[in-house]
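> Sharing a model prediction with you, sequence too.
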There are 2 protein chains.
Amino acid sequence: MSASIPGYTYESSEKATSPVGAGDLDKLKATVMFTEDDEQALRLAGDVLEDQVEDVLDVWYGFVADHPHLVAYFSTPEGEPIQEYLDRVRPRFSQWILDTCRRPYDQTWLDYQEEIGLRHTPEKKNTTDDVNSVNNISLRYVIAFIYPITATMRDFLGKKGHSAEQVEAMHQAWFKAVTLTVTLWSRPYVRNDLW
Amino acid sequence: MSASIPGYTYESSEKATSPVGAGDLDKLKATVMFTEDDEQALRLAGDVLEDQVEDVLDVWYGFVADHPHLVAYFSTPEGEPIQEYLDRVRPRFSQWILDTCRRPYDQTWLDYQEEIGLRHTPEKKNTTDDVNSVNNISLRYVIAFIYPITATMRDFLGKKGHSAEQVEAMHQAWFKAVTLTVTLWSRPYVRNDLW
């Protein structure tokens, strides 16, 4: 199914190459306290979330829709929301949830995080969907989104009858994974090798 | 007491001026879902943490000490840790905890976040303490630190006999405040107005 998502190039050669390597990733994983237990918890989270991703996206799109300063990034430079753009991004956003839970964090994963990061910057923002929107998403909101993307996930993780301890383990693993991912997405924004 | 911390210039004119204003801050607060309830929860957290900040710093400094890639930022370019530097930063880090809980998030607060951000970049990193250390802290670790700085705080918030609900409210408010703060600290790292 994922191969049919427009613009989803995870397994294609049509994506960026990340300058971040395995050694860099190990240091970042240590910094967000990410261990093999978190990998296991994310695999379980993938199973828990698989049939709920559309509900999660409803919450996230609702959050964006409630805030004009966020809708602006899916709008024309004149401020008119582009429904086709919102619709095309959504299945990639759904797939991102499952990829974050299920994909091995290897070089292919690192390369695709670089691709996603670039798609938030002027280098690639509107090219994937061929839209006339503003030319970047301000990094401030990419980082700030760590909070809502983490906090709103907890209820969904608790909906399949797992113990409080399991839900907490899945939620902490998700928080670590989101922080790690946003850290990688920030790379193309940064000046002079300060990343 | 805080006036006597070397390099702590919160209430002094010797600090940066932030280009981020009240309108920008309102949008960021909305993005991290920060409300007046969180302000109240942070005030309570300030009372809970006041006599624990040294214990919190012991945990955070222990975490840094355990990871050579983090100790490097408090070391000479040749990799020798600078104890005087670690010692001088520590009381400012303690004060940052209490300021995050207790200060109004006004223009003075925004200006001081800009100052702290700059002190992580080549513009100001070693000037405050007049040390010969590496010339910046890589942004990747500033963002990644959102996880340990958030997760390790929960136990401390629970140590003064508050209800599970109050502890959770304090912890979520802390998570939001840390995400907001790191977002502001990232500003001077970013190229071409992409922040």
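Sure thing, it's come through. Numbers count the residues shown, from 1 in each chain, chains lettered A, B, ... in the order given.
> and chain A, which of its residues are near chain B?
A:27-28, A:30-33, A:67, A:69-70, A:121-122, A:136, A:138-141, A:143-148, A:150-151, A:172, A:175-176, A:179-180, A:182-183, A:186-187, A:189-192, A:194-195 (CB under 8 Å from any CB of the partner chain). C-beta: built from backbone N, CA, C; applies to glycine.
> List only those of those residues flagged as buried.
Using 16 or more other CB atoms under 10 Å in any protein chain shown as the burial test, these include A:27-28, A:30-33, A:69-70, A:121, A:136, A:138-141, A:143-148, A:150-151, A:172, A:175-176, A:179-180, A:182-183, A:186-187, A:189-190, A:194-195 as buried.
> Apart from its neighbours in sequence, what residue is nearest the residue nearest to the spatial centre of chain A?
For chain A, the residue nearest the mean C-alpha position is A:W96 (5.4 Å; CA atoms, centre = their mean). Of all residues not flanking A:W96 in the chain, A:I116 sits nearest, at 7.5 Å (CB to CB, 6 or more residues apart in numbering or on different chains).
> What of A:T183?
A:T183 sits nearest to B:I143 (CB to CB, 6+ apart), 4.5 Å away.
> which helices and strands does the one helix or strand that neighbour maps to pack with?
According to DSSP states H and E, B:I143 maps onto helix B:139-144. Where contact means 3 or more CB pairs under 8 Å, 6 or more residues apart in numbering or on different chains; DSSP states H and E, helix B:139-144 is packed against helix A:22-31, helix A:164-185, helix B:164-185.
> For the second one, C-alpha coordinates in PDB please.
Output of helix A:164-185 as PDB, limited to C-alpha atoms (Å, rounded to 0.1, in the frame of the first residue of the first chain):
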ATOM      1  CA  ALA A 164      -0.400   1.100  32.300                       C
ATOM      2  CA  GLU A 165       3.200   0.100  32.300                       C
ATOM      3  CA  GLN A 166       3.200  -1.000  28.600                       C
ATOM      4  CA  VAL A 167       1.400   2.200  27.600                       C
ATOM      5  CA  GLU A 168       3.900   4.300  29.500                       C
ATOM      6  CA  ALA A 169       6.800   2.400  27.800                       C
ATOM      7  CA  MET A 170       5.300   2.900  24.400                       C
ATOM      8  CA  HIS A 171       4.600   6.600  25.100                       C
ATOM      9  CA  GLN A 172       8.200   7.200  26.300                       C
ATOM     10  CA  ALA A 173       9.600   5.400  23.300                       C
ATOM     11  CA  TRP A 174       7.400   7.500  21.000                       C
ATOM     12  CA  PHE A 175       8.600  10.700  22.800                       C
ATOM     13  CA  LYS A 176      12.200   9.700  22.300                       C
ATOM     14  CA  ALA A 177      11.600   8.800  18.600                       C
ATOM     15  CA  VAL A 178       9.800  12.100  17.900                       C
ATOM     16  CA  THR A 179      12.600  14.100  19.600                       C
ATOM     17  CA  LEU A 180      15.200  12.100  17.600                       C
ATOM     18  CA  THR A 181      13.300  12.600  14.300                       C
ATOM     19  CA  VAL A 182      12.800  16.300  14.800                       C
ATOM     20  CA  THR A 183      16.500  16.700  15.600                       C
ATOM     21  CA  LEU A 184      17.300  15.100  12.300                       C
ATOM     22  CA  TRP A 185      14.800  17.200  10.400                       C
END
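> A:E123 versus A:Y73, what's the distance?
15 Å (CB to CB, to the nearest Å).
> where along chain A do the helices fall?
A:22-31, A:36-49, A:53-65, A:68-71, A:83-102, A:107-118, A:139-144, A:146-151, A:153-157, A:164-185 (DSSP state H).
> Of those, which stretch is the most buried?
Per residue and on average, the most neighbours among the helices of chain A fall to helix A:139-144, with a mean of 25 (mean count of other CB atoms under 10 Å in any protein chain shown).
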